[in-house]
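**Student:** Need coordinates for the following:
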Amino acid sequence: MIRLLTATALCAFFASASAAEPRARDLGVPFEGATGALNAITDVAGVTVGQVTLIEDLASGKKVRTGVTAILPRGKQTLDAPVFGAWFALNGNGEMTGTAWIDESGQLEGPVMLTNTHSVGVVRDAVIAERVRSGVADTSGYWWSLPVVAETWDGELNDINGFHVRPEHVSQALANASSGPVAEGNVGGGTGMICHEFKCGIGTASRLIKADAGGNYTVGVLVQANYGMRDPLRIAGVPVGQYLRNDRIYSTAAPAQGETGSIIIVVATDAPLLPHQLKRIAKRAGMGLARMGSYAGNGSGDIFLAFSTANAASMKEAAVSQASFVGLEHLDGVFEATVQATEEAIVNAMVAARDMQGNDGHYAKAISHAGLVKVLKRFGRYAPRK
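**Tutor:** Modelled structure (predicted):
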């Protein structure tokens, strides 16, 4: 049987096993900035996340190690209530559907779905089917829809050409999307992913920003990380990859000679931002990625999306609408928060991941927690929680 781990079940598991499943800060990795209560993309009010994890050893000897992650900008209202959005490709050897309409309209309509490279089509079609089932058609008589589905390649560990992600898994991820803690590591679309030659997957983090006009804004980031070589890896500025070289991917294939992976980064915020400003935010995610030692190699698909949950009233399709926005001279805090949260989300993905035996004799080792702490201490960058 394929093991389906819903967002609800995973959150309960991770809450009960928090001592056994530390996040990066729990290991003493130092980060700048103040986090939200959950240190997750769901710190942005209204944002929900649902995940379905598919793990099965087939009778044929093939191994299923994949899944789906759904990010709903406005929770249950997402299918009917768009948000301002923008996207950016640092390097385009990857796929994110629906981006032409985001460029044209400045709006993200519907959820953001993450899965493996060869399941983009089925996930896209399933999202449209869910929208059709959700209620009365729009004024065109149909539910006109261009879903946003992004991918990274899990073919090293997953039987990717077995097409194991099915429409019912998409339906389940959407139906189970919730606020609260977000499971990380070997879950959802990140189940079979690898980064910097360590087992990796889904990771998330958030930052709080003191707004100049008073109050706080929140920035939340979720990544599906599947990129990078070992030696360039840096964590908290420390060249960790050069000191943890032994636990590489064990594979029947020749080792990779260059960057061939990808990363999808989704940035959410409640700061009132217009589409052209969100494009600038999406670009800053690349700076968080660079902090990890990525150089966005030729074979990498580094694609980022940013959206704002503010200005809901301006999405009512009135003849004339008004929207508020943060002034250009007051955006630096959002830029910095995006960089910081992106970096931490990637490290959280690595720390949460666990060793995985995959398809065709491939095996991916997770980063050693003890080894990471040892290197951080060596460079004076260890910051244990008080």
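**Student:** which residues in the stretch 151-300 of the chain form strands?
**Tutor:** For the stretch 151-300 of the chain, the strands defined by DSSP state E, counting those that start in this stretch cover 194-195, 198-199, 202-210, 216-226, 262-269.
**Student:** Just tell me which of these ends up closest to Ala319.
**Tutor:** strand 262-269 (27.9 Å; Cβ to Cβ). All C-beta atoms are positioned from the backbone trio N, CA, C, and that covers glycine.
**Student:** Okay, now the unreliable bits of the stretch 251-386 of the chain?
**Tutor:** 251-257 (pLDDT under 70).
**Student:** Show me where it has its helices.
**Tutor:** In order along the chain, the stretch 251-386 of the chain carries the following helices (DSSP state H, counting those that start in this stretch): 275-291, 332-352, 369-378.
**Student:** can you tell me which of those helices comes nearest to Ser321?
**Tutor:** Checking those against Ser321 by Cβ to Cβ gives helix 275-291 as the closest, at 13.5 Å.
**Student:** List the buried residues of that closest one.
**Tutor:** Neighbour counts using 16 or more other Cβ atoms under 10 Å place 275, 277-291 of helix 275-291 among the buried residues.
**Student:** before we move on, the earlier item: compile the strands of the stretch 151-300 of the chain into JSON lines and extend it with columns for mean neighbour count.
**Tutor:** Putting the strands of the stretch 151-300 of the chain into JSON lines (neighbours: other Cβ atoms under 10 Å) gives the following:
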{"stretch": "strand 194-195", "mean neighbour count": "30"}
{"stretch": "strand 198-199", "mean neighbour count": "26"}
{"stretch": "strand 202-210", "mean neighbour count": "26"}
{"stretch": "strand 216-226", "mean neighbour count": "29"}
{"stretch": "strand 262-269", "mean neighbour count": "30"}
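**Student:** Present those as JSON lines; the columns should include distance to Ala353.
**Tutor:** What follows is the strands of the stretch 151-300 of the chain, written out as JSON lines (distance: least, Cβ to Cβ, whole Å):
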{"stretch": "strand 194-195", "distance to Ala353": "9"}
{"stretch": "strand 198-199", "distance to Ala353": "4"}
{"stretch": "strand 202-210", "distance to Ala353": "9"}
{"stretch": "strand 216-226", "distance to Ala353": "9"}
{"stretch": "strand 262-269", "distance to Ala353": "14"}
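**Student:** Select, out of those strands, the one closest to Thr66.
**Tutor:** Each of those was checked against Thr66 via Cβ to Cβ, and the shortest separation belongs to strand 216-226, namely 11.5 Å.
**Student:** Could you check how far that closest one is from the centre of its chain?
**Tutor:** For strand 216-226, the gap between its own C-alpha mean and the chain's C-alpha mean amounts to 7 Å (Cα atoms, centre = their mean, to the nearest Å).
**Student:** tell me the angle that strand makes with helix 332-352.
**Tutor:** 40 degrees (axes from the mean of the first three to the mean of the last three Cα atoms, to 10 degrees).
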